[in-house]
Every structure is written in structure tokens, then in C-alpha cells.
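Novice: When you get a sec, could you give me coordinates for this:
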Amino acid sequence: MRLQSPSISELHAFAQAARLGSYTQAADALQVTQGAISRAIARLEEHLGFAVFERQGRRSVLTTAGRQYLDAVGPAIFTIESATQAMRRKREGRHVRLSMPPTLFSHWLIPRLPDFTAHHPGTVLSFAPYRRDDPVTSPDIDAWIRIGSMPFPDTLHASYLVGRDLVPICLPHDALSICRPQDLLRRPLLAHTNYPDNWARWFEKMGCEGPCPAPAADFELVGMLVQAVIAGMGVAVVQRCLIEDDLAAGRVAIPVHRPFQIERGYFLCQPASRPASHALQDFQRWLLQQAQVDCARYAST
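Specialist: Numbers count the residues shown, from 1 in each chain. As a prediction, the model looks like this:
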């Protein structure tokens, strides 16, 4: 069977350029020429049939299709790289294997991983395929990041990371005409398929009286929900930790800055009966520090 996927060199060029926003910086990171990066991404775009980057000043910014493609292939690229490093450094015994939801992996963890590798260059991270119903007992996985709420079973050690902070989002130009929570009642509401009550809970917390309008559309993935907002379909309420890139790039805005937390969030879980390795302890401390920085920043905005 003829393979339909791009080459690994094209995918690495794409992922690095997306992370750094620059072909030149991607070339430095991969120790190749800027021309090699440009040619690799051109081949990738020809293979896919659509542009993955667009120029914004001096930066190369992902297109909507490029962002969707990165969300899909990013975890696989990192898994391949991690597995390769793991085999090369296996004798050092500094290895952590993790399972986590792809959305949190792509939007929250990946941008922070260079900091971990800089501080712990001898530790190899690898990522197992995510399974929502995984019993969290596999001996091949050291820890899991799961969405849930306290209390967890006594058989697990669970530490809260991020995800409890919900915020409404809209297009930046629409934010100018939204002065109070009630203004959102007149906009098409977009919802997450698995959590359709998020809007009702948010409006109740904001003191809005009356029934919450039914969603105009619902989406099973947060990435699809955010893209629907960017496309102008309506407004959504999402976890703050999953939209930092979109906020920074000006693709979406938060029209109402009022704190609202739910009990549900992302937790780092590991079997209570299994001692954590030194490498896992290092990763856990680093991960909790990253989460605490974000939680403090959310509380101040």
C-alpha cells in the first residue's frame, strides 16, 4: 500500500516553525538551512493541498487549517521523537511515560516542554496513546493526566493542574460591543457536546436571570469549538488553559473578565501503590509549578 503521510523531515520542519513562528529559528533549532525549512514546508503544503502558514509581519503564523493539522499530528511527532530519545538513553534510567488528552497536550503542555528539557536534559519523556476509559493501571505508563473532579479513588494519587477556569470567548471586534454578561444572551451560543450545561452555569454565576438559550451548535472537541468562534458562528465558554495561543495571536478575545471556576479540571494521576521514580518526581514538581504560575495569572486577570 502506498503511504499517504508526509516525510518525517517535513513534519519536523512544520512543527518547529509552528512552535517558533519563524522559518529561520526553526532552521537553527533543527541545524539546517532556512531554505531547507522553506522547501520542506512547501512540499508539505503541496502534499496536503492547502497552506499551513501565512505571513504576519516577520512571523509565520499557522492558518486555521494548519492549526487543525498540528493538533492532529503534533502528539504523534512528539511521540516519535520521545521514543527515539528513550531508546538512545534507556540505560540512563531517566524515563517518564505519560498518557494525557491530546487537546491539553497540544495547547498547554507542548509550549512548556522546552523549559522542562532545559532543566532536566537527562530525562526522556514519552507519551502513550490517550484512551478515555483507560483504567490507569498499565505498568508501561508512569502517570496519567485525566479530566475529572475530586474526590478520586483511594487507589490513585491525584494532583490538580489546570482546567477549572472557564471564560467566554468571541471575535476580538465583537468584544467591543459586549459590556456585561447579559449581552452574550443575544449572541448564538456554541457549546461543548459533553458539557452542554457550561453556559447555564456561567450565566447563573454572573447573576443573569431567566432561562439560558439553547445552543446554536455543539462540538465534541474544544479545538472545533474555538474554530467555530473564529469563523464567526457565535460565542463559546471554554477552559482558559486551552486558548492561550489563540488569545495571544488575537484570534479570540475574552469579553467579560469575571472569575468562574467549575469543580472539573485536569489532574495528574498515578497509582497509589506504585512508588514514583526520581524522574517522575522531577516531572511532577515541574508540572505543578507550571500549573501554579498559570492559576496565579488567571486569578489576577
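Novice: can I assume Val136 is in contact with Trp144?
Specialist: Yes. The criterion here is C-beta atoms under 8 Å, and Val136 meets it with Trp144 at 5.1 Å. For every residue, glycine as well, the C-beta is placed using N, CA and C.
Novice: so what sits against both of these two?
Specialist: Both Val136 and Trp144 are contacted by Cys269, under the criterion C-beta atoms under 8 Å, 6 or more residues apart in numbering.
Novice: The closest residue in space to Met100 that isn't next to it in sequence: which element?
Specialist: Nearest residue to Met100, sequence neighbours excluded (C-beta to C-beta, 6 or more residues apart in numbering): Ile145, at 3.7 Å. Ile145 is part of strand 143-148, with elements assigned from DSSP states H and E.
Novice: Just name the shakiest helix or strand of this protein by mean pLDDT.
Specialist: helix 64-89 (a mean of 80; mean pLDDT, DSSP states H and E).
Novice: Run through the neighbouring helices and strands of that one.
Specialist: Judged by 3 or more C-beta pairs under 8 Å, 6 or more residues apart in numbering; DSSP states H and E, helix 64-89 is in contact with helix 8-20, helix 102-104, strand 124-127, helix 222-230.
Novice: Can you say which of these is nearest to Cys241?
Specialist: Comparing the helices and strands packed on helix 64-89 by their distance to Cys241 (C-beta to C-beta), the top pick is helix 102-104, with 7.3 Å.
Novice: re the thing from before, looking at Val136 and Trp144, which is more packed in?
Specialist: Neighbours per residue (other C-beta atoms under 10 Å) separate Val136 from Trp144, with Trp144 holding more: 24 against 17.
Novice: I figured the more buried one hits Leu104, correct?
Specialist: No. Judged on C-beta under 8 Å, Trp144 makes no contact with Leu104 at a distance of 11.7 Å.
Novice: between the two, what contacts are shared?
Specialist: Joint contacts of Trp144 and Leu104 (C-beta under 8 Å, 6+ apart) do not exist.
Novice: Nearest residue to Val73 in space, ignoring adjacent ones along the chain?
Specialist: Closest to Val73 by C-beta to C-beta, 6+ apart is Leu11, at 6.3 Å.
Novice: Low-confidence bits of this protein, can you list those?
Specialist: Counting by pLDDT under 70, the chain contains low-confidence ranges at 1-2, 83, 85-93, 300-301.
Novice: all strands for it, in order.
Specialist: Along the chain, counting by DSSP state E, strands occupy 53-56, 59-62, 95-99, 124-127, 143-148, 156-162, 166-169, 189-192, 217-219, 235-239, 265-271.
Novice: Relative to Ala249, which of those is closest?
Specialist: strand 59-62 (6.5 Å).
Novice: Can you list the strands that that closest one pairs with?
Specialist: Strand 59-62 has the following strand partners under DSSP bridges: strand 53-56 (antiparallel).
Novice: contact partners of the partner strand?
Specialist: Strand 53-56 is contacted by residues 17-18, 41, 60-63, 66 when judged by C-beta under 8 Å, 6+ apart.
Novice: do stretch 67-81 as well
Specialist: Contacts of stretch 67-81 (C-beta under 8 Å, 6+ apart): 8, 11-12, 14-15, 18, 48, 52, 62, 102-103, 105-107, 110, 113, 126-127, 130, 223, 227.
Novice: Give me the buried entries from those residues.
Specialist: Neighbour-count burial (16 or more other C-beta atoms under 10 Å) applied to the contacts of stretch 67-81 gives 11-12, 14-15, 18, 52, 62, 102-103, 105-107, 110, 113, 126-127, 130, 223, 227.
Novice: For Trp202, give its distance to Val237.
Specialist: 5 Å (C-beta to C-beta, to the nearest Å).
Novice: likewise Glu204?
Specialist: With C-beta to C-beta as the criterion, Glu204 and Val237 are 12 Å apart.
Novice: Which one's more surrounded, the two?
Specialist: With neighbours defined as other C-beta under 10 Å, Glu204 and Val237 compare such that Val237 has more, 23 against 13.
Novice: Who are the contact partners of that one?
Specialist: 166-169, 198-199, 202.
Novice: Among the residues you listed, which one lies nearest to Ala253?
Specialist: Ile169 (6.8 Å).
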